[in-house]
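Student: Quick check, what structure comes out for this input:
(one chain, ligands or ions: 2)
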Amino acid sequence: MKTIEVLAVASEIYPLIKTGGLADVAGALPGALAEHGVAVRTLIPGYPAVTAAVKGARTVRAYEHLFGGPARLRSATASGLRLFILDAPHLYARPGSPYADEGGKDWRDNPQRFAALARVGADIGLGGATGYRPDIVHAHDWQAGLTAAYLHYDGGPRPGTVMSVHNLAFQGQFDAALLDDLGLPPQSFTPDGVEYYGGIGFLKAGLRLSDRLTTVSPSYAAEICTADGGMGLEGLLRGRADRLTGILNGVDTAVWNPAADPLIAAPYEAENLAGRTADRADLQHRFRLEPDPDATVFGVVSRLSWQKGLDLLLEALPALIAEGGQLALLGAGDDGLQRGFADAARAHPGRIGCIIGYDEATAHRIQAGADALLVPSRFEPCGLTQLCALRYGAVPVVARVGGLADTVIDASPMALAAGVATGVQFAPVNGPMLESAIRRTARLRRDRAIWKQVQANGMATDVSWRAPARRYAELYRAVIAERGG
Ligand code: ADP
Ligand code: GLC
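Tutor: Numbers count the residues shown, from 1 in each chain. Ligands and ions are numbered 1, 2, ... in the order given. Model (predicted):
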């Protein structure tokens, strides 16, 4: 079979730069696709963290003027990833996150910063990096959304295009007055082009103009076609539902492997969880929780935002404590939530511990040491932490939405009788239902035999990229076949 060349365009990639699951996906999918005859190169912005980590990059194209300054397109391999790095200091060489300054305020020139990424993605797609011409350009999220628009309006032969939605809540919507600045022709400003509610929609443009659309779970693919989940894009998505596929994410099973995880206190395997007992004690110690073997230790690893429903957890904390539970929370984000959990930890020493911040090692320790992992999201395109939890034997307790609904089998009486349960689900997503899920989990854990079975089922679940990568490879082949390739 002929190797398919795919140019991925993404604003984050693990381990070089990460704010969320998008980076994990962009970092792990290329390796998994290699086994299916797909060779991926990824175009990313040259943020300071990226240029500092990547050595020996080679310039493959120079731009005298790219959205306000000179830029170089560089090619390099780093952490096993084949990369194109857009080195444009006027756009990316600044402190803060990829999207916002140190005070959390979005960069004013985000439209130009990510239009530049898309413009260069389109250029590479058209053969602009000498010696390389991809069969498919695969854009991830709004930051890469204009790639398909530039390819479309440039005219002429172009590669196939795929647009993936990781989170519809972030749409990249900007002022219509920028049209010319962004190098988009006047005729692109129509509902069939980049126009979106009177402005320019980056994600909208990608969803309108790409050959195929994907999102990261089958349930989320259905949800985004409804008024509740579509966030304004449901009409467009319903109209293109035959082009839209939900493909679940996986996790990098080399990075997330309890049998050989250098970040945890004691490794363990599904057949022998002795190490896990040590990891649980280590977690209690690090979060200053009482060394109580009977408490159900609930873990959280999350961005602290409305999406993740952690305000509901704040409401449910009295019930969690009344049930003899403990909480180990790692998260960063909204000020109000950060304060809420810090206050709760002060009010309930020994029962509630929280670490506010972003820390990979602590994330691994929570997965290895918590009895259960809470993910009470209001919506969740896929979610990766519940997949890690399955693999680490932390029983996931999740809202029945999006990818959470698709990846956890609720411990209902029937599923328990059939011996297939892997976690606990609750719906609708509100405080009282979360409380009852917490109670149900604590009760479940008191029955050691059942708990062991649920844990073992979770650990036996395939959360790797193997199956999803096959689906992406099939999708790429379908696009190529459709376009007569
Ligand atoms: P999202 O992308 O919406 O934030 P996902 O569950 O898809 O949610 O991915 C989140 C990723 O970020 C996971 O790899 C998770 O372990 C990691 N993560 C989230 N918050 C933190 C944190 N505070 N510290 C370390 N890792 C975190
Ligand atoms: C987004 C979603 C999350 C998903 C991740 C990777 O950040 O919020 O559910 O797992 O992207 O696809």
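Student: Flag every residue of the stretch 251-400 of the chain that's near ligand 1.
Tutor: Counting by CB under 6 Å from any ligand atom, the stretch 251-400 of the chain comes close to ligand 1 at 301-303, 330-332, 358-360, 363, 382-385. C-beta here means a position set from N, CA and C on the backbone, and glycine is covered the same way.
Student: Apply 8 Å and report the result again.
Tutor: Residues of the stretch 251-400 of the chain lying close to ligand 1 (CB under 8 Å from any ligand atom) are 251, 301-303, 307-308, 330-332, 355, 357-360, 362-363, 375, 380-386, 388.
Student: I'd like to know which of the residues you listed are buried.
Tutor: Buried subset of those (neighbour count, 16 or more other CB atoms under 10 Å): 251, 301-303, 307-308, 330-332, 355, 362-363, 375, 380-386, 388.
Student: For A469, give me its contacts.
Tutor: By CB atoms under 8 Å, 6 or more residues apart in numbering, A469 lies in contact with L29, A32, L33, E35, H36, V38, G250.
Student: top of those by neighbour count?
Tutor: In terms of neighbours by other CB atoms under 10 Å, those top out with L29 at 27 neighbours.
Student: Name the helix or strand for it, please.
Tutor: Using DSSP states H and E, L29 sits in helix 21-34.
Student: Report the contact partners of the closest residue to ligand 2 within the stretch 151-300 of the chain.
Tutor: At 3.3 Å from ligand 2, H166 is the closest residue in the stretch 151-300 of the chain, using CB to the nearest ligand atom. H166 makes contacts with G21, L22, V25, H140, D141, T215, V216, P381, C382, as judged by CB under 8 Å, 6+ apart.
Student: What count of nearby residues applies to E223?
Tutor: 23.
Student: wait, L178
Tutor: When neighbours are defined as other CB under 10 Å, L178 has 15 of them.
Student: Could I get the contacting residues of the closest residue to it other than its chain neighbours?
Tutor: Closest residue to L178 apart from its sequence neighbours, by CB to CB, 6 or more residues apart in numbering: P111 at 5.5 Å. Residues near P111 by CB under 8 Å, 6+ apart: G172, F174, D175, L178, D181, L182, I200, F202.
Student: Which single residue of this protein ends up nearest ligand 2?
Tutor: G21 (2.8 Å).
Student: Identify the residue spatially nearest to that residue, adjacent ones excluded.
Tutor: Leaving aside its sequence neighbours, G21 sits nearest to L384 (CB to CB, 6+ apart; 4.7 Å).
Student: Most neighbours of all the contacts of P111, which one?
Tutor: Of the contacts of P111, with other CB under 10 Å as the count, F202 tops at 30 neighbours.
Student: how does the chain divide up, domain by domain?
Tutor: Recorded structural domains for the chain (assignment: automatic domain parsing) are 4-250+466-482, 274-460.
Student: right, is stretch 130-150 up against ligand 1?
Tutor: No - against ligand 1, stretch 130-150 shows no contacts by CB under 8 Å from any ligand atom, the least distance being 10.2 Å.
Student: Buried residues, that stretch. List them.
Tutor: For stretch 130-150, a neighbour-count test (16+ other CB under 10 Å) marks 134-150 as buried.
Student: now, which of these lie within helices?
Tutor: Among the buried residues of stretch 130-150, the ones falling in helices (DSSP state H) are L146, T147, A148, A149, Y150.
Student: So which of those is the closest to ligand 1?
Tutor: Ranked by distance to ligand 1 (CB to the nearest ligand atom), these are led by T147 at 20.8 Å.
Student: ok now stretch 311-326, how far from the chain's centre?
Tutor: Averaged C-alpha coordinates place stretch 311-326 at 27 Å from its chain's average position (CA atoms, centre = their mean, to the nearest Å).
Student: contact partners of it?
Tutor: 284, 289-290, 292, 294-298, 300, 327, 336-337, 340-341, 344, 348, 351-353, 374, 376, 429-431, 434-435, 438-439, 442.
Student: now the helix or strand where L387 lies and helix 21-34, what's the angle there?
Tutor: Under the criterion DSSP H and E, the helix or strand holding L387 is helix 385-392. Between helix 385-392 and helix 21-34, the angle comes out at 60 degrees (axes from the mean of the first three to the mean of the last three CA atoms, to 10 degrees).
Student: before we move on, back to that, what is the helix holding L29 packed up against?
Tutor: For helix 21-34, the packing partners by 3 or more CB pairs under 8 Å, 6 or more residues apart in numbering; DSSP states H and E come out as strand 4-9, strand 38-45, strand 81-87, strand 136-140, helix 466-482.
Student: near ligand 2 at all, the longest one?
Tutor: No - contact of helix 466-482 with ligand 2 is not found when judged by CB under 8 Å from any ligand atom; the minimum separation is 10.6 Å.
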